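# Fold the following.
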Amino acid sequence: MAWLEIAVNAKPDTVESLAGKLTAAGFDQLLIEDQAELEGFLEENRACWDYIDPVLAKSLEGLCRIRLYLEDTDTPSLARLEALAAAEGFHFTKTLLPDTDWENSWQASYPPLEVGRRFLVLPYWLEDQAPQGRLPVILDPGLTFGTGAHPSTQMAMEALEDLPLKGARCLDLGSGSGILSIAALRLGAASALGIDIDPKAQDAGRENGERNGFAPPQLTFGTGNVVEDRALQSSLASQVWDAVFVNIVADVIIALAPLLPRLLRGDAVAVCSGILDSRLEQVTAALERAGLAVASRREREEWRCLTVKRRIE
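Numbering: from 1, shown residues only. Next comes the predicted model:
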């Protein structure tokens, strides 16, 4: 089936009104693209992000548009839209989209991905393509953050390869898809616990773990805000961890820095990734104030990854 993509350009002060008129006319599956609305959302959720791709940011400049989709054979709906446009004085463009298997075409965006010296990240529909010599990490890439494509995740996985993880007990803060926990178990870790603030991550991690043959008590996931929940902090600190993974954003790593020494005992290490180069100095200073020392650093594009240990006085 082929589709027509309809794009209606609007002004910020009229987009909601226009969307209401389209809905009243029977066009109820609308996509509103509004730069101001996105900027407001980002400002309200600043603690959850550090970076916007400049190409994406450029494409959003001045954007205020409504999109809707019609079957290319739906001439009555197209005629109704044309009549509404003439009556309300707006213009629209239409683009014929190719006849595509939309339900499955997105899968082409997730080919097998070699990470580091040993890992191969595979979407679950390609799990039978894992070659010998690589450790497969099988994921549903549509569930939550952590597909292996982002530099911060890749550097964290590479850092894991350099750690003595055989038999280790691992803690994964901001676990997302569970990719780092699964990678650690592939490297011989005895167990991994993933904690994420998003409740969806708990189910995503569990499902991805099962795809890789890992289940409780070897691999477990929980939901909680480690930055604010004192009871959760105490519970985690009462346990012994050989390695801690923190692949989040700079502000969260800074907030977690005072907790990390309580989690790291003896020669335990923490891998901290998701740090923009522009925030590296702040993150490093926070970790050092907490009594931690940087053992190694990785760089890729504008992202940085630190491996830290307790500082020996």
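
# Report the contact partners of L287.
253, 257, 260, 272, 294, 306, 308 (CB atoms under 8 Å, 6 or more residues apart in numbering). C-beta coordinates here come from the backbone N, C-alpha and C atoms, glycine included.

# Next step: those residues restricted to strands.
Using DSSP state E, the members of the contacts of L287 that fall in strands are 272, 294, 306, 308.

# Most neighbours among those residues, which one is it?
With neighbours taken as other CB atoms under 10 Å, the top of these is C272, carrying 33 neighbours.

# Quick check: pLDDT value at that one.
You'll see C272 listed with a pLDDT of 98.

# With D140 instead?
At D140, pLDDT is 89.

# give me the number of residues near it?
With other CB under 10 Å as criterion, D140 counts 16.

# what's the answer for the one 10 residues further on, then?
For H150, the count of nearby residues is 17 (other CB under 10 Å).

# and if you look at A237?
16.

# And for it, nearest residue in space, chain neighbours not counted?
Residue nearest to A237 in three dimensions, not counting chain neighbours: R262, with 4.1 Å by CB to CB, 6 or more residues apart in numbering.

# can I assume the one you found sits in a helix?
Yes - checked against DSSP: H, G, I helix; E, B strand; the rest coil, R262 lies within a helix.

# backbone phi and psi for the residue lying closest to G26 once chain neighbours are set aside, please?
Nearest in space to G26, with sequence neighbours left out and distances taken as CB to CB, 6+ apart, is R80 at 6.9 Å. Note on R80: its backbone torsions stand at phi -60, psi -40 [degrees, to the nearest 10].

# next one: L84
phi -70, psi -40.

# burial measure for the residue nearest to A237, as a count.
14.

# first to last residue in stretch 296-307, what's the distance?
5 Å (CA to CA, to the nearest Å).

# quick one: that stretch to chain centroid distance?
Chain-centre distance of stretch 296-307: 18 Å, with CA atoms, centre = their mean, to the nearest Å.

# Other residues contacting that stretch?
Taking CB under 8 Å, 6+ apart as the rule, stretch 296-307 contacts 51, 150-152, 154-156, 158-159, 162-163, 269-278, 280, 283-284, 287, 294-295.

# Which positions in that stretch come out as buried?
298, 303-307 (16 or more other CB atoms under 10 Å).

# Can you give me the distance of T73 to L22?
20 Å (CB to CB, to the nearest Å).

# And those two? Which one has more around it.
Counted by other CB under 10 Å, T73 and L22 do not tie: L22 has more neighbours, with 23 against 12.

# picking up where we left off before, for PyMOL, what selects the buried ones among the contacts of stretch 296-307?
Applying 16+ other CB under 10 Å to those, the buried members can be selected in PyMOL as follows:
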select buried, resi 150+151+152+154+155+156+158+159+163+269+270+271+272+273+274+275+276+280+283+284+287
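
# tell me the contacts of the closest residue to A159 other than its chain neighbours?
The shortest distance from A159 to any non-neighbouring residue, by CB to CB, 6+ apart, is to V271 (4.6 Å). Contacts for V271 (CB under 8 Å, 6+ apart) come out as 156, 159-160, 163, 180, 243-247, 305-307.

# Domain boundaries for the protein, per the record?
Domain assignment for the chain, taken from automatic domain parsing, gives 3-100, 107-310.

# Mean neighbour count, these: which tops it?
domain 107-310 (a mean of 19; mean count of other CB atoms under 10 Å).

# For it, what is the distance to the chain centroid?
12 Å.

# could the contacts of L287 go into TSV alongside distance to L219?
Listed next are these as TSV, based on distance: CB to CB, whole Å:
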residue	distance to L219
I253	23
A257	26
L260	22
C272	22
V294	29
L306	25
V308	24
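
# Go through the contacts of stretch 296-307 and flag which are in strands.
269-276, 294-295.

# Which residue is the nearest non-sequential neighbour of P261?
G291 (5.0 Å).

# Show the backbone phi and psi for that neighbour.
According to degrees, to the nearest 10, G291 has phi 90, psi 20.

# OK, contacts around it?
So G291 contacts 261, 310-311 (CB under 8 Å, 6+ apart).

# Just list whatever residues bridge to the closest residue to M155 other than its chain neighbours.
Excluding its sequence neighbours, the residue lying closest to M155 (CB to CB, 6+ apart) is C305, at 3.7 Å. Taking DSSP bridges as the rule, C305 bridges to S273, R298.
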